[in-house]
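Visitor: Pasting a predicted model and its sequence here:
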Amino acid sequence: MHIPDNYLSPSTCAVLGAAMVPVWATAGKKVKEELPKAKMPMLGIGAAFSFLIMMFNIPLPGGSTGHAVGGTLLAILLGPYSACISLTVTLLIQALLFGDGGILAYGANCFNMAFVLPFLGYSIYRFIKDRIHSEKGEKLGIVLGSYLGINAAAFFAAVEFGIQPLLFRDSTGQPLYCPYPLSVSIPAMTIPHLIITGIVEAVFTLFIYIFIKKVSPGTIYQGEKQKTKAIYGFIMGFIFLTPLGLLATGTAWGEWNIHELKTILSGGNTSGFIPKGMANGFDFKSLLPDYSISGLPEITGYILSAVIGAAFCIILYKVISSLIKNKSSKEDL
Amino acid sequence: MLDFHNEYVTMPDWLMKNENYTPLSDKDSFINKSIFSLLKVLTKIRMQSSYAEERNLVNVNFRVFFTFALIVLLSLSRNPVFVLIVITYLLLVCAFMPTIKMIQILRFSILAALFACIILLPAYLGGNAYSFIMIPSKVFATVMAVSILSSSARWDSIISELKRFYLPNILIFVLDITIKYIVMLGEFSLNMLYALKLRSVGKNRSKYSSLSGVAGTMFLKSREMSEEMYCAMECRGFTGEYHVYKKFNIRLADFFYILINVGIVFSFIIFG
Amino acid sequence: MIELKEVYYSYHGINAIRNISLEIKNGEAVTLLGPNGSGKSTLLKIINGLVFPHRGVYRFQNEDIHQKRLQDDSFSKSFHQKIGFIFQNSDSQLFCSNVFDEIAFGPRQMGMTEDEVDKRVNDCIDLLKIQEIMNRQPYHLSGGEKRKVAIASVLAMNPDVLTLDEPMNGLDPKTGKWLVEFLRCLSRAGKTIVVSTHNLDFARKISNRAILLNGSHSVAADLPTDNLLDNIELLKKVNLLD
């Protein structure tokens, strides 16, 4: 579910990142209230836990395996605000240091997985648990909360993908980012989550919860009842309004960005270039020739090919010599 | 009753016999796969922290800044020539990196690009050549840029660099702890998975119970560790404030690095 | 039974095991001695098939053990049944929610009926005298109790070989004394025992043969335990004594 860079427009990422700011601020404030100041290590260690949970391969029927995100689990164990911060940190480490999920798409990934997932999952869990006062009610809450939580996150990712072709096209109507409309992206993202990932997430969450409750019930987060209702209402409203906001402001943003930037960068001189290469039948078999035709100095193409060629030679040489080295060291044995 | 101080000890008979056992088959590849993914993460972090010093001459500030800038420009660009220039530059940088790292970076970036190709294949068949070319090549370049950064600079310096992006000190502190505890908890759960593997000698009827036992124990362990760390920090006078200290000076290599990257920004202006 | 021939293992280019050859026969009780970081734990991991030598051969009961061989599910499982491993940190070895289930984990996997499982687990519980903690959660036990549960859970699979990594770590003197007696009993019962330790006194009590590893990760001596421990010069040379 980690969205890589270049599938979402920078403006979508910016909007979702901006939407996260008040969430982070609230979560930070809440965590300060809930955790004594010096208990900050729990956030880092919670983040480490959530990072590692995502490393677990969980058995699926038939012998293959899948991954869980564990967002609802974390919210149930640590409380939704701490979970939000821990997941934010986890996603940052994954994006920055492990190349998992994009840097620009970081805001979007946080929105889906550190905000929608834990808060929705937790509020569903709480809602059911506070109404059905039995172990069964609690378990039902966990299963539904984690199942719906991850599915909602997948749904939001799908919407973010799906609005791209709606909002961001070049002058010839070619989509600039993810080319699939909502009618494709929503089923493609949600169906696997509805029938596989969601179930894995729910079962795994339930089993871990049962284990911890049996072994060490005191360590589980105890949130207050009911009082939080208003906040959840606010959050839910916010969740559903944000995509609308994207739809409303997106078009202007997307177009504004590139033109404005160019105007600024080239000192007002926009007479230069807005490439129409792909409009005049872009041919992917020969990138460079196509561009020398469309008015680019031929020399640029030559220089680029020469440098790429040189880089490739070095890389190839290194790969081959390392292969030979490996082989000969094996023969030594 | 047994008495170990007595020389005559009776063991249960089954323990005295050799076990005559033919294993039942089971589909439990999830243990090995989990072990593998944990090992990968731990190895990566260990390799990272084992750099004695920064091998790369260029200051990390500039590298973090320009890597981010490059990613933004790539995302904005609509011109394959610009993407190609960036790819060329990154391939060159890559070519001068140590071979093992170079291969890792290339493998990772190529896989990401291939994945993008597969995703976009239906769009291409539907007549959208632009996305099919641009997105995978942008993905290739972006992933390569991030991998080059993360495998040539120490993570603690990348993280402390984030301070320049106005992240609060406390978040940087939490990031530092997180990486440290990914290693500690990771080692711990790796050992638990090893134990599970060694004792998985037949058919496990409740795989979810076993795996959630590992994960649940990991959670309890993490709680315990955080309490210990809190105590240790308080004993050493931690008050909740955390300062990032960093030296800063410009060298010749920095100058060239900036020059090249400014060149790339210019090529973005020219090509778009 | 256990046979290593010119085994090397390195870890990010750093040697952890260098050119180790040794043979352990059925029924022997052997200690692996050596200073911190000499490769004892790695050697035990190799013997248990958790990591594989980069060079050299490891044979267990006349079968080559290597990565490919252990990919065969049924072979790998019968191999792991025959050799039991008690980890240095018992915490990381226990993952069930009560002691009974923990011990029953192996026998249940082996397809025994619940009655047989019951008998085995109860035998183990009697053997280790851990009746009182039978229904407790392993996570909250004391260090000594955890070690006992870990031993019981491995023993319940009735392995031919028992390997223990620094089993005396963190035990109080009474539990330590118990462990010595217990290992002696297992040895008399015909089990092969391989123990890594840097506790010389412990080594003398439980083994008749000792293998000494040095700082450069290879075998410095392989002698009857008493002879090796009386050679103070040698122990000083490998930095085990000063």
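Guide: That came in fine, so what should we check first?

Visitor: mind giving me the domain split of the chain?
Guide: Using chain A here. A:10-261, A:287-332 (automatic domain parsing).

Visitor: wait, chain B
Guide: B:60-153+B:248-272, B:162-241.

Visitor: Let me see the backbone angles for the spatially closest residue to C:Thr192 that is not a sequence neighbour.
Guide: In space, and not counting its chain neighbours, C:Thr192 is closest to C:Val161: 4.3 Å by C-beta to C-beta, 6 or more residues apart in numbering or on different chains. In this view, the C-beta of every residue, glycine as well, is placed from N, C-alpha and C. The phi and psi torsions at C:Val161 (degrees, to the nearest 10) take the values phi -120, psi 140.

Visitor: Run through the bridge partners of C:Val161.
Guide: C:Ile83, C:Thr192 (DSSP bridges).

Visitor: pLDDT at it, what is it?
Guide: For C:Val161, the pLDDT comes out at 93.

Visitor: need the contact list for it.
Guide: Shown in contact with C:Val161 (C-beta atoms under 8 Å, 6 or more residues apart in numbering or on different chains): C:1-2, C:82-84, C:191-194.

Visitor: Kindly recompute the last result at 10 Å.
Guide: C:1-2, C:24, C:26-28, C:47-48, C:60-61, C:82-85, C:191-194 (C-beta atoms under 10 Å, 6 or more residues apart in numbering or on different chains).

Visitor: before we move on, the earlier item: kindly state which of the domains of chain B is positioned closest to chain A.
Guide: domain B:162-241 (2.9 Å; C-beta to the nearest C-beta).

Visitor: Okay, strands next: where are they in chain A?
Guide: Secondary structure of chain A (DSSP state E): strands at A:57-59, A:65-67.

Visitor: Let me have those strands in CSV, adding mean pLDDT as columns.
Guide: Formatted as CSV, these follow (pLDDT from 0 to 100):
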stretch, mean pLDDT
strand A:57-59, 82
strand A:65-67, 77
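
Visitor: for the ones you listed, which one sits closest to chain C?
Guide: Nearest to chain C among the strands of chain A is strand A:57-59 (14.3 Å), distances taken as C-beta to the nearest C-beta.

Visitor: List the contacts of that closest one.
Guide: Contacts for strand A:57-59 (C-beta under 10 Å, 6+ apart): A:64-68, A:197, A:200-201, A:203-204, A:207, B:26-38, B:193, B:204, B:207-208, B:210-212, B:215.

Visitor: Neighbouring strands of that strand in the sheet, and parallel or not?
Guide: strand A:65-67 (antiparallel).

Visitor: ok, now how distant is the residue nearest the centre of chain C from chain A?
Guide: In chain C, the C-alpha nearest the mean C-alpha coordinate belongs to C:Thr163, at 1.6 Å (C-alpha atoms, centre = their mean). Separation of C:Thr163 from chain A (C-beta to the nearest C-beta, to the nearest Å): 26 Å.

Visitor: and what of C:Gly106?
Guide: Distance from C:Gly106 to chain A, by C-beta to the nearest C-beta: 19 Å.

Visitor: just checking, that residue touches C:Ala156?
Guide: Yes: the criterion here is C-beta atoms under 10 Å, and C:Gly106 meets it with C:Ala156 at 5.0 Å.

Visitor: Narrow the contacts of strand A:57-59 to those in helices?
Guide: When DSSP state H is applied, these are split such that A:200-201, A:203-204, A:207, B:29-38, B:193, B:207-208, B:210-212, B:215 fall in helices.

Visitor: of the residues you listed, list those near chain C.
Guide: Among the ones in helices among the contacts of strand A:57-59, the residues within reach of chain C (C-beta under 10 Å from any C-beta of the partner chain) are B:29, B:32, B:35, B:193, B:210-212, B:215.

Visitor: List buried members of those residues by neighbour count.
Guide: B:32, B:35, B:193, B:210-212, B:215 (16 or more other C-beta atoms under 10 Å in any protein chain shown).

Visitor: Now do the contacts for the residue in the stretch 1-150 of chain B that chain A sits nearest to.
Guide: In the stretch 1-150 of chain B, the residue that lies nearest chain A is B:Lys27 (3.3 Å; C-beta to the nearest C-beta). The contact partners of B:Lys27, by C-beta under 10 Å, 6+ apart, come to A:59-65, B:203-204, B:207, C:73.

Visitor: Quick check: of these, which has the highest neighbour count?
Guide: A:Pro59 (25 neighbours; other C-beta atoms under 10 Å in any protein chain shown).

Visitor: Can you get me a residue count around the nearest residue to A:Ala158 once chain neighbours are set aside?
Guide: Excluding its sequence neighbours, the residue lying closest to A:Ala158 (C-beta to C-beta, 6+ apart) is A:Met189, at 3.6 Å. Neighbourhood size, A:Met189 [other C-beta under 10 Å]: 23.

Visitor: again with the one 4 residues further on
Guide: As a burial measure, A:His193 scores 22 neighbours (other C-beta under 10 Å).
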